[in-house]
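Enquirer: got a predicted structure plus its sequence, pasted below:
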Amino acid sequence: MLGRVNHIAIAVPDLTAATASYRDTLGAKVSQAQALPEHGVTVVFVELENTKVELLEPLGENSPIAAFLEKAPSGGMHHICYDVADILAARDQLSASGARVLGSGEPKIGAHGKPVLFLHPKDFFGTLIELEQV
Ligand SMILES: CC[C@@H](C(=O)O)C(=O)SCCNC(=O)CCNC(=O)[C@H](O)C(C)(C)COP(=O)(O)OP(=O)(O)OC[C@H]1O[C@@H](n2cnc3c(N)ncnc32)[C@H](O)[C@@H]1OP(=O)(O)O
Ligand SMILES: [Co+2]
């Protein structure tokens with residue numbers, strides 16, 4: 001089911017500062033900030049040789065990462081995203097095995113314009129998993 005690691009996401013309280021740190025202190029290539037109101041976040045991608053880091057800042061009133069940052073005000077690892085070839089087949093297989101697919105269960109379009117789904121962190125050892133169809 002799982003392909004490559006698509007990205008590793010870090011929730012941050014200040015996206016401008018986090019982007020500057022990756023760009024200037026770590027010398028990484030960073031994207032422009034992308035507001036994604038449908039996901040309740042603004043995102044910057046850090047481009048790496050073998051994957052990406054996704055820096056996430058809350059956007060709007062009901063950001064799904066707001067509670068996470070209340071618990072971890074300086075930020076923290078938020079989720080890991082794996083590539084999948086067929087997100088609906090993966091969803092159905094995971095649901096059949098008892099894993100909780102978050103939200104309506106229907107994929108949303110993510111930051112890369114591809115369908116994404118999330119799996120409950122409590123079902124996977126305290127780690128929020130995102131699947132992205134590539
Ligand atoms: C940029 C677009 C897109 C992409 O294309 O890549 C994205 O990545 S969007 C990223 C933001 N969107 C999401 O994260 C959607 C999925 N997330 C959710 O639905 C919620 O965040 C959640 C996972 C259901 C948690 O919601 P929350 O309001 O925090 O609920 P709780 O406080 O009840 O948390 C339940 C339980 O889970 C623990 N938790 C919460 N978030 C995480 C996490 N990221 N990693 C690990 N554990 C997490 C939380 O601590 C609670 O645990 P207990 O306190 O022990 O009950
Ligand atoms: Co993501």
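Expert: Here it is on my side, so go on. Numbers count the residues shown, from 1 in each chain. Ligands and ions are numbered 1, 2, ... in the order given.
Enquirer: pretty sure residue 23 sits in a strand.
Expert: No. Counting by DSSP: H, G, I helix; E, B strand; the rest coil, residue 23 is located in no strand; its state is helix.
Enquirer: report the contact partners of the nearest residue in space to it that is not next to it in sequence.
Expert: Distance criterion C-beta to C-beta, 6 or more residues apart in numbering; nearest residue to residue 23, sequence neighbours excluded, is residue 30 at 4.8 Å. The way it works is simple: take the backbone N, C-alpha and C, and place the C-beta from them, glycine included. Neighbouring residues of residue 30 by C-beta atoms under 8 Å, 6 or more residues apart in numbering: 19, 22-23, 44-47, 55.
Enquirer: separation between residue 110 and residue 57?
Expert: The gap separating residue 110 from residue 57 is 16 Å, by C-beta to C-beta, to the nearest Å.
Enquirer: which residues touch residue 72?
Expert: Neighbouring residues of residue 72 by C-beta under 8 Å, 6+ apart: residue 11.
Enquirer: return the per-residue confidence for it.
Expert: On pLDDT, residue 72 comes in at 98.
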